[in-house]
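Trainee: Here is my input, please return the structure:
(chains A and B)
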Number of protein chains: 2
Amino acid sequence: MPHKLYAMTKPLILVTNDDGITAPGLRALIRFMKEIGDVVVVAPDSPQSGMGHAITIDNTLYIKKSQRDLENGIEQEYSCSGTPADCVKLGLQELLDRKPDLCVSGINHGSNSSINVIYSGTMSAAIEAGIEGIPAIGFSLCDYSWDANFDLAKESIQKIVQEALQNGIPKGVVLNVNIPKTTSEAPKGIRICRQARANWKEKFDKRTNPTGKEYYWLTGEFELLDKGEDTDEFALSQGYISVVPTQFDLTAHHAIQLINNWNLND
Amino acid sequence: MPHKLYAMTKPLILVTNDDGITAPGLRALIRFMKEIGDVVVVAPDSPQSGMGHAITIDNTLYIKKSQRDLENGIEQEYSCSGTPADCVKLGLQELLDRKPDLCVSGINHGSNSSINVIYSGTMSAAIEAGIEGIPAIGFSLCDYSWDANFDLAKESIQKIVQEALQNGIPKGVVLNVNIPKTTSEAPKGIRICRQARANWKEKFDKRTNPTGKEYYWLTGEFELLDKGEDTDEFALSQGYISVVPTQFDLTAHHAIQLINNWNLND
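Mentor: Below is the predicted model of the structure:
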């Protein structure tokens, strides 16, 4: 029974990601969180990048439980056949014996800044926790390499988590944290930002398979459409960590009055 | 060549959905749109409900082309092995010969009101089009039945589309339209709303498979947390169609100043 694993004086932290339970970014985040609280891991058993806020509604979910004896205590891990959002739902509803104090997702291998937040499995897990009323943070390193150096960001990540635990995160808000790619130095600092306007200029690479059937690969180039200096992209370009408070009330309140003037009810 | 299919005087409408190309809700939407403009369909070849804003980045995409000779002209259809967001990307980048004047997604078999917008493949297609600068609307009928009566909403759907074509939709905004379930009467009217605060109280149905392995089914009950009379849920409960202007800039601007007071940079 997991009840005895948690000392009530330490915060309980649910750790998840979208790159899957073996990803080095997840292992780094577990290490960083173990120095702050009790950790339970619920993560996908295979990579789920680009899954957005997908959930598994027409298929079964499997869970595999394991326990790791780390230098600073036992850690409980569950790998799950579902999406990042499934992992959080399962964790909160079935696997944890009490409500966690925080949910952290990541560290993603690759950026989730600006419009990428929409496609992000990492952030979908954080948002799912936020919907359920748990303070939540998604962490991403702007480096797709499996061998990326996560330790340079350790101090900043722990600082953000400590502040979130101490101050709380406003209801309806989750944090989207992106960390610039650095090779040998820690990021210059942390900036609170807005999401930059950007999109992907898609290209589809059209090929022919061995049986003569045509197929496509999605590729694309990131297109920044925003010159603001208060954006996540600007902070990252200057070597700073970006923190974007992110919401899941998608109402465009400014547009309500405008559309009220349409001729819809006569 | 599709070039000759479009008369330039008629608007070009890209139609997609998440229930798949054979869904009655899609067929109804095609019929309604054919009376307004030229229609090109790019829809998933299988159901994609609950896919959120997933995209296919580590797998191939296949497309199957067909042409239908409808009573009011030829219609071009593409079914795609990917997600709703993939369909829109492929449609805009590879399959259409010019930028469509509008993208409509649906009619979904089931509600995408309040927090459901986050999990919605229907809305992810509309949002993808919005990101690419195309006016876009997602339509959902609050009736999961495959035999639902879509025709009762025909007049309202066409009115919303005509007004969108005439007035344009503000940049960065897409419309989330939900239609109440009615058995014999048309909806009472159309209301512009905000997204209601709500979540799902998940339950996992735990079972054992024939080989003795445990698995789960995700189930849940919808929990409305919002008593506001300006919400989509309230409008629907009163028999009205709800229109929520929805944005993909997820920045919680009100939280930026608050989090700026955290002790992050010393």
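
Trainee: Tell me what residue A:65 is bridged to.
Mentor: Residue A:65 has these beta-bridge partners by DSSP bridges: residue A:78.

Trainee: what about residue A:32, which SS state?
Mentor: Three-state assignment for residue A:32 (DSSP: H, G, I helix; E, B strand; the rest coil): helix.

Trainee: mind listing what it touches?
Mentor: With contact set as CB atoms under 8 Å, 6 or more residues apart in numbering or on different chains, residue A:32 has these partners: A:154, A:157, A:158, A:161. Every residue, glycine included, has its C-beta placed from N, CA and C.

Trainee: chain center to the helix or strand harbouring residue A:129, what's the gap?
Mentor: Using DSSP states H and E, residue A:129 sits in helix A:121-131. When distances are taken as CA atoms, centre = their mean, to the nearest Å, helix A:121-131 is centred 7 Å away from the chain's centroid.

Trainee: what does stretch A:150-159 give?
Mentor: Worked out by CA atoms, centre = their mean, stretch A:150-159 lies 16 Å from the chain centre.

Trainee: repeat for stretch A:207-223
Mentor: On CA atoms, centre = their mean, the centre of stretch A:207-223 falls 28 Å from the chain's centre.

Trainee: tell me the angle the next helix or strand after the helix holding residue A:129 makes with helix A:121-131.
Mentor: Downstream of helix A:121-131, the next assigned helix or strand under DSSP H and E is strand A:136-141. Strand A:136-141 and helix A:121-131 are oriented at 170 degrees to each other (axes from the mean of the first three to the mean of the last three CA atoms, to 10 degrees).

Trainee: which helices and strands does the helix or strand just after strand A:136-141 pack with?
Mentor: Heading C-terminal from strand A:136-141, the first helix or strand you meet, by DSSP H and E, is helix A:154-167. Applying 3 or more CB pairs under 8 Å, 6 or more residues apart in numbering or on different chains; DSSP states H and E, we find helix A:154-167 packed against helix A:24-34, strand A:102-109, strand A:136-141, strand A:173-179, strand A:190-192.

Trainee: Flag every buried residue along helix A:154-167.
Mentor: Using 16 or more other CB atoms under 10 Å in any protein chain shown as the test for burial, helix A:154-167 gives A:156, A:157, A:159, A:160, A:161, A:163, A:164, A:165.

Trainee: residues contacting the nearest residue to the third one once chain neighbours are set aside?
Mentor: Take residue A:159 and drop its neighbours on the chain: the residue closest to it by CB to CB, 6 or more residues apart in numbering or on different chains is residue B:264, 5.9 Å away. Applying CB under 8 Å, 6+ apart to residue B:264 gives the contacts A:156, A:159, A:160, A:163, A:189, A:190, A:243.

Trainee: Repeat that for residue A:18.
Mentor: Shown in contact with residue A:18 (CB under 8 Å, 6+ apart): A:44, A:47-49, A:51, A:83-84, A:105, A:108, A:120-122, A:124-125.

Trainee: how close does the closest residue to it other than its chain neighbours get to residue A:86?
Mentor: Spatially, and ignoring its direct neighbours in sequence, residue A:18 is nearest to residue A:121 (2.9 Å; CB to CB, 6+ apart). Residue A:121 sits 11 Å away from residue A:86, taking CB to CB, to the nearest Å as the criterion.

Trainee: Could you do residue A:56 as well?
Mentor: Residue A:56 sits 5 Å away from residue A:86, going by CB to CB.

Trainee: same question, residue A:59
Mentor: To residue A:86, residue A:59 is 10 Å away according to CB to CB.

Trainee: Settle it for me: which of those two has more neighbours?
Mentor: The neighbour comparison of residue A:59 against residue A:86 (other CB atoms under 10 Å in any protein chain shown) goes to residue A:86, with 30 against 12.

Trainee: looking only at pLDDT, what's the mean for whichever helix or strand the more buried one is part of?
Mentor: Following DSSP H and E, one finds residue A:86 within helix A:84-90. Average pLDDT, helix A:84-90: 94.

Trainee: Contacts made by it with the rest, please.
Mentor: By CB under 8 Å, 6+ apart, helix A:84-90 touches A:14, A:16-18, A:42-44, A:48, A:51, A:53-56, A:61, A:63, A:78, A:80, A:82, A:103, A:105, A:121-122, A:124-125, A:127-129, A:132, B:52, B:119, B:202, B:204, B:216, B:218.

Trainee: Pull out the buried members of these.
Mentor: The neighbour count (16+ other CB under 10 Å) marks A:14, A:16-18, A:42-44, A:48, A:51, A:53-56, A:61, A:63, A:78, A:80, A:82, A:103, A:105, A:121-122, A:124-125, A:127-129, A:132, B:52, B:119, B:202, B:204, B:216, B:218 as buried among the contacts of helix A:84-90.

Trainee: who's in contact with residue A:187?
Mentor: Contacts of residue A:187 by CB under 8 Å, 6+ apart are A:152, A:153, A:156, A:179, A:180, A:239, A:240, A:241.

Trainee: for those, which one is nearest residue B:26?
Mentor: The nearest member of the contacts of residue A:187 to residue B:26, counting by CB to CB, is residue A:179 at 41.7 Å.
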